[in-house]
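In: Build me a model from this:
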Amino acid sequence: MAPNLCAITTAEHLVLQRLLQGLSNKAIASALVLSPRTVESHISHLLAKTGCHNRTQLLLWALTER
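Out: Model prediction:
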């Protein structure tokens with residue numbers, strides 16, 4: 001089943017953009033003024049929504065599906 005791109009929140013989209021820039025969770029948290037745990041939560045939600053199993057798959061998905 002294809003992921004529902006509309007289900008990705010603005011915050012998740014911002015985290016995904018930073019992931020594509022190669023930033024760590026800590027760096028993403030600092031850039032977005034979030035806690036590292038919140039960033040981890042957004043990444044977990046992105047993984048679930050896209051059907052990806054890890055960050056590498058998520059990045060490949062973002063580059064090819066969006």
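In: contacts and neighbour counts: CA atoms only from here.
Out: Will do.
In: Near the nearest residue to Thr38 once chain neighbours are set aside, how many other residues are there?
Out: Excluding its sequence neighbours, the residue lying closest to Thr38 (Cα to Cα, 6 or more residues apart in numbering) is Ala29, at 7.8 Å. Applying other Cα atoms under 10 Å, we find 19 residues neighbouring Ala29.
In: quick one: pLDDT of Leu34?
Out: Per-residue pLDDT puts Leu34 at 98.
In: still on that earlier bit, surely the residue nearest to Thr38 is in contact with Val39?
Out: Yes. In terms of Cα atoms under 8 Å, Ala29 counts as a neighbour of Val39; the distance is 6.1 Å.
In: Secondary structure element holding the residue nearest to Thr38?
Out: helix 25-32 (DSSP states H and E).
In: Now Ser24: phi and psi?
Out: Backbone geometry at Ser24, expressed as degrees, to the nearest 10, gives phi -80, psi 170.
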